[in-house]
Every structure is written in structure tokens, then in C-alpha cells.
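S.K.: Kindly generate the corresponding structure for this input.
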Amino acid sequence: MLSRREFHTLSALTSMTANAPVRTFAFEWWDVFTTQPLSGNQLAVFPDARGLTDAEMQRIAREMNLSETTFVLPRDKATEASQGIKVRIFTREQEILFGGHPALGTACALRERAGDRVTLDLSVGPVLVTFSKQPNGLVFGDMLQTDPVFAETHDAAQIAPLLGLRLDDLDINVPIQNVSTGRPNLMVMLRSLEAIRRLKVSWNDVRTYFSSWDDQRGFYVMTREVETPGVFLHARKPTSAQEDPATGSAAGCAIAWLVRQGLVDSGRRVRFEQGIEMKRPGELHVSAVKTAGRIHEVRVGGYCVRLMQGTLTL
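M.R.: Sure thing, here's the model as predicted:
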């Protein structure tokens, strides 16, 4: 039983909560890297997040329970023209500097007010997304990522068991390498679709293995055997929480790496398929340019579908 003092304290707190002003925030739900609803990678976008604290953004991202949620912080036209539209990206656990499908999906959500050239002011720096209407009548978004950084390579004999695979499942003719265009990913090429379907990551072993490195490297696992005619690569992005169905940041790393290794011609646009194993197929259109050994002009594009709109009340 509450004491008199505890009762009055609880009553006062209840009254304060009841009298607090109600805040509402509009949001949109997008499927990214797809032309079909209920496929590709899901994203929640808050087009005007002014008034939300950092802690509230994190709690909302956790409530949305998607791989990423973005929060747009509108500024005056002059600032947005010179610096871009401020956007923050949160996973369920933390804020991140960059994400490919959050960038493209947010730009799609902003296109109606910002036009066909949308510059996002992200923590990793400005990211430009340009839009064009295609012969099929759909609007295509093309994202220019930051220039890649090529870091350490890894021994295939050590990586294979982390993925639950045999050494002969891996294509050892190309290096297993960490690459970043804003978010690091470890590039791993397999020999077959059969092998990539057997992928089963041992996350405890992964954490132990990467404990001696600066940062844990997420895997982007690929094979040149594909399911869709005309597609260049079949990919999977395993995570310790839930597999990612279409990963723009990793795809940018992958095309930079492929061009550097001579597996894709400089400037050639190819398509990756991803998310098939999750029954959320997505398609990423990618290219990169090689000039005198330097890889640049990393582009990752695709389509987006707005699935729903709503209001969050706090």
C-alpha cells in the first residue's frame, strides 16, 4: 500500500503527464531497391523530426523495429542549398554514419519537395541522389557514394568456417577484403548459388575473430551464379539480428572492389540481386570508374515504393 506521501507524488506525476502537450510526427514507410510493394528493404522516414531528442529518435527506431529509420531535420533554404538536407540514420541499437538504402529511400521521400537532385547532409558527408524518369514510366534514383577505402585482406581458410562453409566454397582467385564507402564491409566471393544458400554464420566465432581488428567487419557474400537472367551478381548480407534484403552501402563497396579486381569494366553499370532467400527480393544498379588505378564515381541506384504513411504520437 502506498504511503500518503507516495500517493501524492504519484498523483502529481500523473497530472503532469496528462497535461503535457501531445506531439505528433508524420512518417512514411518505404520499400527500397524494388518496384514491388512488400519486397526490397524496408525503411521508415520522418520527414520533419524537429523537436525530437537523440534519445527519442533512438527509441522510435527501436519501436519501428526496422534495420534503419531516418529523421529529417529541415533547415532554411539557403543552408539546404549549400549544405544539403540534414538527415540522421538510426538502427535499432545506435546512430550510424551512413546507410545505402536509408539514403536512397529518404531521398525518394524528399523528392516531391526537393526536386530531382537531392543532396543529403549525412554524418559521413554529403550524398547526392539524382532522379530520372525511365522508359518504363518509373522514377529511378541514382546515389553517388564517397570514394572507397580499401583496407585489410583476410585468409580464406580463416573466413570460410566463420560462414559455415568449406574452403573450396570460396573463390580464392579474388581477395577477401574490407572496403568502405562510408560503412565497412568484408567482400567475400563464393563459387556457387548452392554454397551461398548454405551460408550459416557463427556469430560468436566472428566476434572472437574480429576482436583483434579495429572494427568488426560485416560480410557481403556474393556469387556470380544468379537466379535472374541479366543480373551480374547474387548477394547476401547476413547480420547477427536479421539478414538484410538489399544493402546499398555494401553494394557500393562491392562494385568498387569488383572494378578494382578487373571483374567489371570501369563505368559499366551492372545489377545485383539480393534478398531472395528472405523472400524480399531487391535489385541494385551499380557502377564505378577506375582512373589510373583510382576507384571513384561509385554509384548505387534503384527504385523505391511508398508503402504507407502515418502519424506517431508522443
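S.K.: quick one: Phe46 and Glu63, what's the gap?
M.R.: 12 Å (CB to CB, to the nearest Å). For the C-beta atoms, the positions are set from N, CA and C on the backbone; glycine is no exception.
S.K.: Can you pick out the residue with more neighbours from these two?
M.R.: Neighbours were counted for Phe46 and for Glu63 using other CB atoms under 10 Å; Phe46 has more, 25 against 12.
S.K.: For that one, give me phi and psi.
M.R.: Backbone torsions of Phe46, given as degrees, to the nearest 10, read phi -100, psi 100.
S.K.: Tyr220 touches Met187, doesn't it?
M.R.: Yes. Counting by CB atoms under 8 Å, Tyr220 sits close enough to Met187 to count as a contact (5.8 Å).
S.K.: which residues do the two both contact?
M.R.: Common contacts of Tyr220 and Met187, defined by CB atoms under 8 Å, 6 or more residues apart in numbering, comprise Cys253, Ala254.
S.K.: Could you list the low-confidence segments of the stretch 151-300 of the chain?
M.R.: Applying pLDDT under 70 to the stretch 151-300 of the chain picks out residues 214-216.
S.K.: how about the helices of it, start to end?
M.R.: With DSSP state H, counting those that start in this stretch, the ranges of helices along the stretch 151-300 of the chain come out as 156-162, 193-197, 203-210, 248-260.
S.K.: closest to Arg111 out of those helices?
M.R.: helix 248-260 (16.5 Å; CB to CB).
S.K.: now that closest one, how far from the chain's geometric center?
M.R.: The chain centroid and the centroid of helix 248-260 are separated by 13 Å under CA atoms, centre = their mean, to the nearest Å.
S.K.: Run through who's touching stretch 234-244.
M.R.: 41, 67, 92, 185, 193, 196, 199, 201, 203, 206, 218-227, 247, 250-251, 254, 272-278.
S.K.: hmm, which of those residues are the buried ones?
M.R.: With neighbours counted using 16 or more other CB atoms under 10 Å, the contacts of stretch 234-244 contain these buried positions: 41, 67, 92, 185, 196, 199, 201, 206, 218-224, 226, 247, 250-251, 254, 272-276, 278.
S.K.: In strands, which of these fall?
M.R.: Asn41, Asn185, Gly218, Phe219, Tyr220, Val221, Met222, Thr223, Phe272, Glu273, Gln274 (DSSP state E).
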